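K.L.:
Sequence and computational prediction follow.
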Amino acid sequence: MAPKFYQVVALYHFCVLDDVSQKQVAISQKAESLQIKGTLLLAREGINGTVAGTPEAIQGLLAFLESFDAFQGLEYKLSQAAEMPFLRLKVRIKDEIVTMGQPNIDPLKKVGAYVTPNEWNDLIQDPDVVLVDTRNDYEVAIGTFEGAINPNTESFREFPEWVKNNLQPNKDKKVAMFCTGGIRCEKATSYLLQEGFENVFHLKGGILKYLEDIPEQDSLWDGECFVFDQRVAIKHGLKEGSYDLCYGCRCPINADDKAHPHFEEGVCCPHCTDTLTDEQKARFRMRQRQMRLAKERGTQHIGSTPNPSSSSI
């Protein structure tokens, strides 16, 4: 019998891991035994990822992770999904658990000041505060905080260059930053401090914690929050949002996008129809046909829903 709902956990922790390969094997075996799906990234700097399973399975995984000394103080956020939001389990070893490409940055040594969700509104309504969304452009497009600066980055690697080109004149001001679950801001605030910024703040627990804790009527959040699983987006109370994902470009799409004449289910959307080649579209149409046939047979095509970008909270 399928569970009433699946519990989704977005987690991260910076630490020093000297035995990354051994941790990968142990965590993979435990997660597989609990029938958990999703992606976990391991590096010498820690762990990051989003996975889902039954509530009992997720609690079992969290207890297992916290049994390691290295993962004491694990940061995580829980939410729910009506259906399993992942197709498979991946436990991968990476150079960084969130890729910024700045090897001299160490969030274990210095980060900005944490601001709780209950304190966040007062901070960002201060006219002297520069509010920066550290996420990528496709994430910002479906929701952000009122008045936030969008760096228009396609990847987190571009963020340091954006800071040098755009944020340097604000060194003497208070800079408040936020991201989905907090991990990107650990590195982003550490980078700003290294660059000579003095008054740097970030939202503790990220947007996910804010949407969980702050009632909608008191919220300064506008829109929905992109998440790195097949729910695509969530809204206040961590309820599932209204967006789907385009298979062609992996961009979140809404009802207007799907009503557009350039939208073709499983193939392309208004954002990518002019950038995909005829060969790509033909391949995606074949995949869509295979999915339809699998559904008619009562089976699931392994690629029935496009996976969002690599997990990063």
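P.N.:
Good, I have the coordinates. Numbering: from 1, shown residues only.

K.L.:
tell me which strands and helices the helix or strand of the chain with the lowest mean pLDDT is in contact with?
P.N.:
Ranking every helix and strand in the chain by mean pLDDT, DSSP states H and E puts helix 278-297 at the bottom, with a mean of 88. Contact analysis of helix 278-297 by 3 or more CB pairs under 8 Å, 6 or more residues apart in numbering; DSSP states H and E lists no helix or strand as a packing neighbour. C-beta here means a position set from N, CA and C on the backbone, and glycine is covered the same way.

K.L.:
what comes up buried for that helix?
P.N.:
For helix 278-297, the neighbour count (16 or more other CB atoms under 10 Å) marks 281, 284, 287, 288, 291 as buried.

K.L.:
Return that helix as CSV; C-alpha atoms alone will do.
P.N.:
In CSV, the C-alpha atoms belonging to helix 278-297 read as follows (Å, rounded to 0.1, in the frame of the first residue of the first chain):
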residue,chain,number,x,y,z
ASP,A,278,15.1,19.7,-34.7
GLU,A,279,17.0,16.5,-33.6
GLN,A,280,16.4,17.3,-30.0
LYS,A,281,12.7,17.9,-30.5
ALA,A,282,12.4,14.7,-32.4
ARG,A,283,14.1,12.8,-29.6
PHE,A,284,11.9,14.4,-27.0
ARG,A,285,8.8,13.6,-29.0
MET,A,286,9.8,9.9,-29.2
ARG,A,287,10.3,9.9,-25.4
GLN,A,288,6.9,11.5,-24.9
ARG,A,289,5.4,8.8,-27.1
GLN,A,290,7.1,6.0,-25.1
MET,A,291,5.8,7.6,-21.9
ARG,A,292,2.2,7.6,-23.2
LEU,A,293,2.5,4.0,-24.3
ALA,A,294,3.9,3.0,-20.9
LYS,A,295,1.0,4.8,-19.2
GLU,A,296,-1.5,2.9,-21.4
ARG,A,297,0.2,-0.4,-20.3
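
K.L.:
chain center to that helix: distance?
P.N.:
Distance, stretch centre to chain centre, for helix 278-297: 28 Å (CA atoms, centre = their mean, to the nearest Å).

K.L.:
May I have the secondary structure class of residue 90?
P.N.:
Under the three-state scheme (DSSP: H, G, I helix; E, B strand; the rest coil), residue 90 adopts strand.

K.L.:
what separates it from residue 244, distance-wise?
P.N.:
22 Å (CB to CB, to the nearest Å).

K.L.:
Could you do residue 115 as well?
P.N.:
Where residue 244 is concerned, residue 115 sits at a distance of 33 Å (CB to CB).

K.L.:
go on, residue 116?
P.N.:
33 Å.

K.L.:
These two: which has the busier surroundings?
P.N.:
The residue with more neighbours, out of residue 116 and residue 244, is residue 244; 20 against 13, by other CB atoms under 10 Å.

K.L.:
quick one, phi/psi of the more buried one?
P.N.:
Main-chain torsions, residue 244, degrees, to the nearest 10: phi -110, psi -180.

K.L.:
Can you give me every residue that contacts it?
P.N.:
Counting by CB atoms under 8 Å, 6 or more residues apart in numbering, residue 244 touches 232, 252, 253, 254, 258.

K.L.:
before we move on, what about residue 143?
P.N.:
Taking CB under 8 Å, 6+ apart, one finds 221, 222, 223, 224, 225, 226, 233 in contact with residue 143.

K.L.:
where exactly do the strands run in the stretch 201-313 of the chain?
P.N.:
Taking DSSP state E, counting those that start in this stretch, the strands of the stretch 201-313 of the chain run over residues 221-223, 225-226, 233-235, 239-240, 244-245, 252-253.

K.L.:
Highest mean neighbour count out of the ones you listed?
P.N.:
Each of the strands of the stretch 201-313 of the chain was scored by mean neighbour count; the highest is strand 225-226, a mean of 24, by mean count of other CB atoms under 10 Å.

K.L.:
Now that strand: average pLDDT?
P.N.:
In this model, strand 225-226 carries a mean pLDDT of 96.

K.L.:
Show me what it is packed up against.
P.N.:
Partner elements for strand 225-226 (3+ CB pairs under 8 Å, 6+ apart): helix 137-140, helix 206-213, strand 233-235.

K.L.:
May I see the strands of the stretch 201-313 of the chain arranged in JSON lines, with distance to residue 50 as well?
P.N.:
Shown next, in JSON lines, are the strands of the stretch 201-313 of the chain (distance: least, CB to CB, whole Å):
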{"stretch": "strand 221-223", "distance to residue 50": "20"}
{"stretch": "strand 225-226", "distance to residue 50": "12"}
{"stretch": "strand 233-235", "distance to residue 50": "12"}
{"stretch": "strand 239-240", "distance to residue 50": "14"}
{"stretch": "strand 244-245", "distance to residue 50": "15"}
{"stretch": "strand 252-253", "distance to residue 50": "16"}
